[in-house]
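Novice: show me how the following folds:
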Amino acid sequence: MSNRRTVNCIAALMAGFAIMASSATSLAGQAAPTKPTTDTSAKRIKVQKKAEIMKAGGEVCLPEKCVPDQAAIDRAVAAERDAALVREQQARDEQRRLDSVATALRVLRIQHEADARKENDRLDAIARAQAAESEAQLAMKRHLARGFYLGIAGGANAPQRDLRNGYTGGWNTTVPFGWDANDSPLGFRTDFSVDHLNGTRVHDQAAVTTAASGDITVWSLNVDLKLRAHAPGTPSRTNVYALGGIGAHRVANGVYGSTGPNAGQMLAFGDAKTNFGWNVGAGVSMAWGPTELFVESRFFHIKSDLGFHQNGGVGTYTSFTPIVIGLQWF
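Specialist: Modelled structure (predicted):
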(Lines give C-alpha, C1' and ligand atoms only; values in the text may rest on other atoms or scores of the structure.)
Protein backbone atom coordinates (compact mmCIF):
# COMPACT_ATOMS: atom_id res chain seq x y z
CA MET A 1 0.00 0.00 0.00
CA SER A 2 2.74 2.43 0.86
CA ASN A 3 4.67 1.65 -2.35
CA ARG A 4 1.55 2.26 -4.44
CA ARG A 5 1.05 5.63 -2.82
CA THR A 6 4.65 6.49 -3.46
CA VAL A 7 4.29 5.60 -7.16
CA ASN A 8 1.09 7.65 -7.45
CA CYS A 9 2.73 10.63 -5.84
CA ILE A 10 5.75 10.46 -8.14
CA ALA A 11 3.46 10.13 -11.21
CA ALA A 12 1.38 13.12 -10.11
CA LEU A 13 4.53 15.12 -9.52
CA MET A 14 5.92 14.28 -12.97
CA ALA A 15 2.56 15.23 -14.60
CA GLY A 16 2.64 18.54 -12.81
CA PHE A 17 6.17 19.22 -14.02
CA ALA A 18 5.09 18.40 -17.63
CA ILE A 19 2.10 20.80 -17.51
CA MET A 20 4.23 23.53 -16.07
CA ALA A 21 6.90 23.00 -18.76
CA SER A 22 4.33 23.16 -21.65
CA SER A 23 2.71 26.27 -20.19
CA ALA A 24 6.06 27.99 -19.98
CA THR A 25 6.84 27.14 -23.63
CA SER A 26 3.57 28.53 -24.99
CA LEU A 27 3.91 31.65 -22.93
CA ALA A 28 7.38 32.15 -24.22
CA GLY A 29 6.13 31.92 -27.84
CA GLN A 30 3.31 34.39 -27.27
CA ALA A 31 5.55 36.83 -25.40
CA ALA A 32 7.71 37.65 -28.51
CA PRO A 33 6.03 40.82 -30.08
CA THR A 34 6.66 42.08 -33.56
CA LYS A 35 6.69 45.67 -32.51
CA PRO A 36 7.17 47.30 -29.20
CA THR A 37 4.17 48.52 -27.39
CA THR A 38 3.69 50.14 -24.06
CA ASP A 39 0.25 48.69 -23.40
CA THR A 40 0.24 45.03 -23.58
CA SER A 41 -2.71 42.88 -23.22
CA ALA A 42 -0.67 39.90 -22.53
CA LYS A 43 -1.42 38.39 -19.22
CA ARG A 44 1.19 36.92 -17.07
CA ILE A 45 0.30 33.61 -15.72
CA LYS A 46 1.57 33.19 -12.24
CA VAL A 47 2.67 29.64 -11.53
CA GLN A 48 2.60 28.63 -7.94
CA LYS A 49 4.29 25.45 -6.85
CA LYS A 50 2.40 23.49 -4.45
CA ALA A 51 4.19 22.75 -1.19
CA GLU A 52 5.85 19.45 -0.89
CA ILE A 53 5.70 17.49 2.25
CA MET A 54 8.48 15.17 3.31
CA LYS A 55 7.32 11.94 4.69
CA ALA A 56 9.26 9.73 7.15
CA GLY A 57 11.78 7.58 5.40
CA GLY A 58 12.61 10.23 2.69
CA GLU A 59 9.33 9.92 0.76
CA VAL A 60 8.01 13.09 -0.87
CA CYS A 61 4.29 13.59 -1.58
CA LEU A 62 1.81 16.25 -2.27
CA PRO A 63 -0.39 17.38 0.63
CA GLU A 64 -3.59 16.14 -0.95
CA LYS A 65 -2.05 12.80 -1.80
CA CYS A 66 0.20 12.05 1.31
CA VAL A 67 -1.63 11.29 4.57
CA PRO A 68 0.48 10.63 7.77
CA ASP A 69 0.45 7.02 9.11
CA GLN A 70 -0.20 7.54 12.82
CA ALA A 71 0.18 3.85 13.63
CA ALA A 72 3.63 3.81 12.04
CA ILE A 73 4.57 6.94 13.94
CA ASP A 74 3.35 5.36 17.21
CA ARG A 75 5.30 2.22 16.44
CA ALA A 76 8.41 4.26 15.68
CA VAL A 77 7.99 6.23 18.92
CA ALA A 78 7.38 3.05 20.88
CA ALA A 79 10.43 1.42 19.26
CA GLU A 80 12.57 4.45 20.08
CA ARG A 81 11.24 4.43 23.62
CA ASP A 82 11.97 0.73 23.97
CA ALA A 83 15.44 1.27 22.54
CA ALA A 84 16.01 4.11 25.00
CA LEU A 85 14.83 1.90 27.84
CA VAL A 86 17.16 -0.85 26.65
CA ARG A 87 20.05 1.60 26.43
CA GLU A 88 19.22 2.94 29.86
CA GLN A 89 19.03 -0.58 31.28
CA GLN A 90 22.33 -1.42 29.60
CA ALA A 91 23.86 1.74 31.05
CA ARG A 92 22.59 0.78 34.51
CA ASP A 93 23.91 -2.76 34.09
CA GLU A 94 27.29 -1.42 32.95
CA GLN A 95 27.39 0.99 35.88
CA ARG A 96 26.54 -1.85 38.25
CA ARG A 97 29.31 -3.92 36.68
CA LEU A 98 31.76 -1.06 37.03
CA ASP A 99 30.63 -0.51 40.63
CA SER A 100 31.02 -4.22 41.30
CA VAL A 101 34.51 -4.21 39.78
CA ALA A 102 35.44 -1.12 41.81
CA THR A 103 34.06 -2.74 44.98
CA ALA A 104 35.97 -5.94 44.26
CA LEU A 105 39.16 -3.96 43.64
CA ARG A 106 38.63 -2.02 46.85
CA VAL A 107 38.04 -5.24 48.77
CA LEU A 108 41.17 -6.74 47.22
CA ARG A 109 43.16 -3.64 48.10
CA ILE A 110 41.86 -3.73 51.68
CA GLN A 111 42.62 -7.45 51.89
CA HIS A 112 46.07 -6.86 50.43
CA GLU A 113 46.73 -4.10 52.95
CA ALA A 114 45.47 -6.35 55.77
CA ASP A 115 47.69 -9.19 54.53
CA ALA A 116 50.62 -6.79 54.27
CA ARG A 117 50.00 -5.61 57.84
CA LYS A 118 49.75 -9.20 59.03
CA GLU A 119 52.97 -10.09 57.23
CA ASN A 120 54.71 -7.04 58.68
CA ASP A 121 53.41 -7.95 62.12
CA ARG A 122 54.62 -11.52 61.63
CA LEU A 123 58.04 -10.36 60.49
CA ASP A 124 58.21 -7.91 63.38
CA ALA A 125 57.23 -10.67 65.80
CA ILE A 126 59.89 -12.94 64.31
CA ALA A 127 62.47 -10.16 64.54
CA ARG A 128 61.49 -9.46 68.16
CA ALA A 129 61.61 -13.16 68.99
CA GLN A 130 65.01 -13.50 67.34
CA ALA A 131 66.28 -10.42 69.14
CA ALA A 132 64.92 -11.73 72.44
CA GLU A 133 66.44 -15.14 71.76
CA SER A 134 69.79 -13.57 70.87
CA GLU A 135 69.64 -11.43 73.98
CA ALA A 136 68.71 -14.45 76.07
CA GLN A 137 71.54 -16.47 74.54
CA LEU A 138 73.95 -13.62 75.19
CA ALA A 139 72.71 -13.29 78.76
CA MET A 140 72.99 -17.05 79.21
CA LYS A 141 76.47 -16.99 77.70
CA ARG A 142 77.47 -14.27 80.13
CA HIS A 143 75.76 -16.18 82.91
CA LEU A 144 77.55 -19.39 82.00
CA ALA A 145 80.86 -17.68 81.26
CA ARG A 146 83.70 -19.56 82.83
CA GLY A 147 87.37 -18.69 82.70
CA PHE A 148 89.64 -18.01 85.65
CA TYR A 149 88.28 -18.19 89.15
CA LEU A 150 89.43 -17.84 92.74
CA GLY A 151 87.76 -19.33 95.77
CA ILE A 152 87.92 -20.20 99.42
CA ALA A 153 86.54 -23.25 101.22
CA GLY A 154 86.66 -25.09 104.52
CA GLY A 155 85.24 -28.13 106.21
CA ALA A 156 85.79 -31.30 108.17
CA ASN A 157 88.54 -33.89 107.81
CA ALA A 158 88.62 -37.61 108.48
CA PRO A 159 91.64 -39.98 108.65
CA GLN A 160 91.65 -43.00 106.33
CA ARG A 161 93.24 -46.43 106.20
CA ASP A 162 95.85 -47.15 108.93
CA LEU A 163 95.92 -43.53 110.03
CA ARG A 164 92.65 -44.16 111.82
CA ASN A 165 94.56 -46.24 114.36
CA GLY A 166 96.20 -43.16 115.84
CA TYR A 167 94.14 -40.14 114.77
CA THR A 168 90.61 -38.86 114.87
CA GLY A 169 88.89 -36.21 112.79
CA GLY A 170 90.07 -32.69 112.10
CA TRP A 171 89.55 -29.70 109.82
CA ASN A 172 90.53 -28.41 106.37
CA THR A 173 91.08 -25.02 104.72
CA THR A 174 91.44 -24.76 100.93
CA VAL A 175 92.10 -21.81 98.60
CA PRO A 176 91.44 -22.92 94.98
CA PHE A 177 92.58 -21.07 91.86
CA GLY A 178 91.69 -22.47 88.43
CA TRP A 179 90.34 -22.06 84.93
CA ASP A 180 87.28 -23.60 83.23
CA ALA A 181 86.77 -23.53 79.46
CA ASN A 182 83.57 -21.96 78.07
CA ASP A 183 83.08 -24.41 75.21
CA SER A 184 84.64 -27.46 76.77
CA PRO A 185 84.05 -29.46 79.96
CA LEU A 186 87.77 -29.50 80.69
CA GLY A 187 89.65 -27.26 83.09
CA PHE A 188 92.47 -27.25 85.57
CA ARG A 189 92.78 -26.23 89.18
CA THR A 190 95.52 -25.57 91.64
CA ASP A 191 94.89 -25.15 95.33
CA PHE A 192 96.70 -24.55 98.54
CA SER A 193 95.31 -26.45 101.51
CA VAL A 194 95.99 -27.11 105.17
CA ASP A 195 94.65 -30.32 106.74
CA HIS A 196 94.73 -30.94 110.51
CA LEU A 197 94.16 -34.31 112.21
CA ASN A 198 93.79 -34.78 115.95
CA GLY A 199 96.07 -37.32 117.64
CA THR A 200 95.09 -40.02 120.13
CA ARG A 201 96.58 -42.79 122.18
CA VAL A 202 97.85 -45.98 120.62
CA HIS A 203 97.02 -49.24 122.43
CA ASP A 204 98.34 -52.74 122.03
CA GLN A 205 96.23 -55.87 121.90
CA ALA A 206 96.04 -55.92 125.65
CA ALA A 207 94.65 -52.40 125.68
CA VAL A 208 97.91 -51.07 127.06
CA THR A 209 98.85 -47.58 125.86
CA THR A 210 102.05 -47.87 123.91
CA ALA A 211 102.23 -44.30 122.64
CA ALA A 212 100.30 -41.11 122.37
CA SER A 213 100.18 -39.55 118.93
CA GLY A 214 100.35 -35.80 118.57
CA ASP A 215 98.24 -33.78 116.20
CA ILE A 216 99.58 -33.59 112.66
CA THR A 217 99.21 -30.84 110.09
CA VAL A 218 99.54 -31.48 106.36
CA TRP A 219 100.51 -28.52 104.13
CA SER A 220 99.67 -29.21 100.49
CA LEU A 221 100.03 -27.63 97.06
CA ASN A 222 97.95 -29.58 94.49
CA VAL A 223 97.60 -29.46 90.70
CA ASP A 224 94.48 -31.19 89.30
CA LEU A 225 92.69 -31.72 86.04
CA LYS A 226 88.97 -31.00 86.16
CA LEU A 227 86.10 -32.44 84.14
CA ARG A 228 82.63 -30.96 84.59
CA ALA A 229 79.15 -31.68 83.23
CA HIS A 230 75.76 -30.05 83.59
CA ALA A 231 73.66 -31.71 86.26
CA PRO A 232 70.48 -33.18 84.69
CA GLY A 233 67.21 -31.61 85.79
CA THR A 234 68.92 -28.68 87.53
CA PRO A 235 69.40 -24.98 86.67
CA SER A 236 71.78 -24.26 83.82
CA ARG A 237 74.57 -23.02 86.07
CA THR A 238 74.62 -26.23 88.14
CA ASN A 239 77.48 -28.61 87.32
CA VAL A 240 78.94 -31.78 88.70
CA TYR A 241 82.64 -32.27 88.32
CA ALA A 242 85.47 -34.67 88.98
CA LEU A 243 89.09 -33.78 89.58
CA GLY A 244 92.34 -35.54 90.26
CA GLY A 245 96.05 -34.89 90.24
CA ILE A 246 99.24 -34.78 92.23
CA GLY A 247 100.61 -32.58 94.97
CA ALA A 248 103.60 -31.66 97.10
CA HIS A 249 103.02 -32.15 100.84
CA ARG A 250 104.70 -31.61 104.16
CA VAL A 251 103.46 -33.56 107.17
CA ALA A 252 104.46 -31.67 110.35
CA ASN A 253 103.90 -31.83 114.11
CA GLY A 254 102.91 -35.14 115.62
CA VAL A 255 105.23 -37.35 117.71
CA TYR A 256 108.49 -38.09 115.98
CA GLY A 257 108.79 -41.61 117.38
CA SER A 258 108.52 -43.79 120.42
CA THR A 259 112.20 -44.80 120.58
CA GLY A 260 115.49 -43.19 119.72
CA PRO A 261 117.06 -39.85 120.57
CA ASN A 262 114.14 -37.88 119.01
CA ALA A 263 111.38 -39.90 120.65
CA GLY A 264 108.44 -37.79 121.74
CA GLN A 265 109.59 -34.72 119.89
CA MET A 266 107.36 -32.72 117.52
CA LEU A 267 108.42 -32.46 113.89
CA ALA A 268 108.58 -28.80 112.90
CA PHE A 269 107.47 -27.60 109.46
CA GLY A 270 111.04 -26.66 108.53
CA ASP A 271 112.34 -30.11 109.51
CA ALA A 272 109.65 -32.03 107.62
CA LYS A 273 110.40 -33.46 104.22
CA THR A 274 108.45 -32.57 101.11
CA ASN A 275 106.77 -35.70 99.80
CA PHE A 276 104.59 -36.23 96.76
CA GLY A 277 101.16 -37.70 96.86
CA TRP A 278 98.03 -37.92 94.78
CA ASN A 279 94.40 -37.05 95.20
CA VAL A 280 91.08 -37.73 93.50
CA GLY A 281 87.64 -36.36 94.19
CA ALA A 282 84.32 -34.98 92.99
CA GLY A 283 81.98 -32.12 93.71
CA VAL A 284 78.98 -30.09 92.65
CA SER A 285 78.76 -26.33 91.97
CA MET A 286 75.78 -24.02 91.49
CA ALA A 287 75.13 -20.34 90.98
CA TRP A 288 74.60 -18.37 94.18
CA GLY A 289 74.07 -14.70 93.41
CA PRO A 290 77.18 -13.26 91.76
CA THR A 291 79.28 -16.17 93.02
CA GLU A 292 79.29 -19.92 92.69
CA LEU A 293 78.79 -22.25 95.62
CA PHE A 294 80.55 -25.60 95.58
CA VAL A 295 80.76 -28.70 97.76
CA GLU A 296 83.44 -31.31 97.21
CA SER A 297 85.39 -34.13 98.76
CA ARG A 298 88.78 -35.60 97.89
CA PHE A 299 90.88 -38.53 98.97
CA PHE A 300 94.57 -37.72 99.67
CA HIS A 301 97.30 -40.35 99.90
CA ILE A 302 100.78 -39.17 101.03
CA LYS A 303 103.89 -41.07 102.05
CA SER A 304 104.74 -40.04 105.61
CA ASP A 305 108.24 -39.76 107.21
CA LEU A 306 107.08 -39.65 110.83
CA GLY A 307 108.95 -42.33 112.76
CA PHE A 308 106.06 -42.76 115.15
CA HIS A 309 103.85 -43.85 112.30
CA GLN A 310 106.23 -46.65 111.45
CA ASN A 311 107.06 -47.71 115.00
CA GLY A 312 103.53 -47.32 116.31
CA GLY A 313 101.95 -49.38 113.61
CA VAL A 314 99.93 -46.48 112.23
CA GLY A 315 101.36 -46.97 108.77
CA THR A 316 103.86 -45.35 106.46
CA TYR A 317 101.21 -43.34 104.54
CA THR A 318 99.10 -40.40 105.61
CA SER A 319 95.65 -40.78 104.06
CA PHE A 320 92.67 -38.55 104.78
CA THR A 321 89.44 -37.25 103.23
CA PRO A 322 88.32 -33.64 103.68
CA ILE A 323 84.76 -32.58 102.90
CA VAL A 324 84.54 -28.84 102.22
CA ILE A 325 82.06 -26.19 101.17
CA GLY A 326 83.13 -22.91 99.60
CA LEU A 327 82.60 -20.04 97.18
CA GLN A 328 84.40 -19.19 93.98
CA TRP A 329 84.38 -16.03 91.88
CA PHE A 330 84.81 -15.93 88.10
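Novice: can you pull out the strands in the chain?
Specialist: 53-54, 60-61, 147-159, 167-180, 186-199, 201-203, 209-212, 216-230, 239-253, 274-288, 291-303, 317-329 (DSSP state E).
Novice: ok, G326 touching W288?
Specialist: No: using CB atoms under 8 Å, G326 is not in contact with W288, being 10.9 Å away. In this view, the C-beta of every residue, glycine as well, is placed from N, C-alpha and C.
Novice: quick one, which of these two is more surrounded?
Specialist: G326 (21 against 12; other CB atoms under 10 Å).
Novice: please name the bridge partners of that one.
Specialist: A153, F294 (DSSP bridges).
Novice: now distance to L108 and mean pLDDT too, for the strands of the chain, in a markdown table please.
Specialist: Listed next are those as a markdown table, based on distance: least, CB to CB, whole Å; pLDDT from 0 to 100:
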| stretch | distance to L108 | mean pLDDT |
| --- | --- | --- |
| strand 53-54 | 57 | 47 |
| strand 60-61 | 61 | 52 |
| strand 147-159 | 60 | 96 |
| strand 167-180 | 61 | 95 |
| strand 186-199 | 63 | 95 |
| strand 201-203 | 102 | 64 |
| strand 209-212 | 103 | 60 |
| strand 216-230 | 55 | 95 |
| strand 239-253 | 59 | 94 |
| strand 274-288 | 56 | 94 |
| strand 291-303 | 61 | 95 |
| strand 317-329 | 64 | 94 |
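Novice: I'd like those strands laid out as JSON lines, including distance to V107.
Specialist: Below are those laid out as JSON lines (distance: least, CB to CB, whole Å):
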{"stretch": "strand 53-54", "distance to V107": "57"}
{"stretch": "strand 60-61", "distance to V107": "61"}
{"stretch": "strand 147-159", "distance to V107": "62"}
{"stretch": "strand 167-180", "distance to V107": "63"}
{"stretch": "strand 186-199", "distance to V107": "65"}
{"stretch": "strand 201-203", "distance to V107": "102"}
{"stretch": "strand 209-212", "distance to V107": "104"}
{"stretch": "strand 216-230", "distance to V107": "56"}
{"stretch": "strand 239-253", "distance to V107": "61"}
{"stretch": "strand 274-288", "distance to V107": "57"}
{"stretch": "strand 291-303", "distance to V107": "62"}
{"stretch": "strand 317-329", "distance to V107": "66"}
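Novice: avg pLDDT for the top helix by length along the chain?
Specialist: Assignment by DSSP state H gives helix 70-143 as the longest helix of the chain. Averaging pLDDT along helix 70-143 yields 90.
Novice: that one to strand 274-288, inter-axis angle?
Specialist: Per axes from the mean of the first three to the mean of the last three CA atoms, to 10 degrees, the angle that helix 70-143 makes with strand 274-288 is 150 degrees.
Novice: starting at the chain centroid, how far to helix 70-143?
Specialist: 32 Å (CA atoms, centre = their mean, to the nearest Å).
Novice: swap in stretch 232-252?
Specialist: With CA atoms, centre = their mean, you get 39 Å for stretch 232-252.
Novice: how much space separates G214 from T321?
Specialist: Applying CB to CB, to the nearest Å, the value for G214 to T321 is 21 Å.
Novice: ok, these two, which is more surrounded?
Specialist: G214 (20 against 17).
Novice: contacting residues for that one?
Specialist: Residues in contact with G214 (CB atoms under 8 Å, 6 or more residues apart in numbering) are 199, 253-255, 266.
Novice: most widely separated two among the residues you listed?
Specialist: For those, the farthest-apart pair by CB to CB is G199 and M266; their separation is 10.6 Å.
Novice: more neighbours, these two?
Specialist: A direct count of neighbours by other CB under 10 Å for G199 and M266 places G199 higher, at 19 against 14.
Novice: spatially nearest residue to the more buried one (excluding sequence neighbours)?
Specialist: Distance criterion CB to CB, 6 or more residues apart in numbering; nearest residue to G199, sequence neighbours excluded, is S213 at 3.7 Å.
Novice: ok, the one you found - how many residues close by?
Specialist: Residues near S213, counting by other CB under 10 Å, number 24.
Novice: so it makes contact with V255?
Specialist: Yes: the pair S213 / V255 is scored as a contact, 5.6 Å apart, by CB under 8 Å.
Novice: rewinding a little: which residues do G199 and M266 both contact?
Specialist: Joint contacts of G199 and M266 (CB under 8 Å, 6+ apart) are 214, 254-255.
Novice: now, among the residues you listed, which is nearest to V175?
Specialist: Distance to V175, by CB to CB, is smallest for G254 among the shared contacts of G199 and M266, at 23.8 Å.
Novice: what values do phi and psi take at that closest one?
Specialist: The phi/psi pair for G254 (degrees, to the nearest 10) reads phi 70, psi 180.
Novice: pretty sure it contacts A268?
Specialist: No: contact between G254 and A268 fails when scored by CB under 8 Å: they sit 10.7 Å apart.
Novice: so between the two, which is more surrounded?
Specialist: G254 (26 against 10).
Novice: can you pull the pLDDT of the more buried one?
Specialist: pLDDT, read off for G254, is 76.
Novice: nearest spatial neighbour of it, skipping sequence neighbours?
Specialist: That would be I216: by CB to CB, 6+ apart, it lies 4.0 Å from G254.
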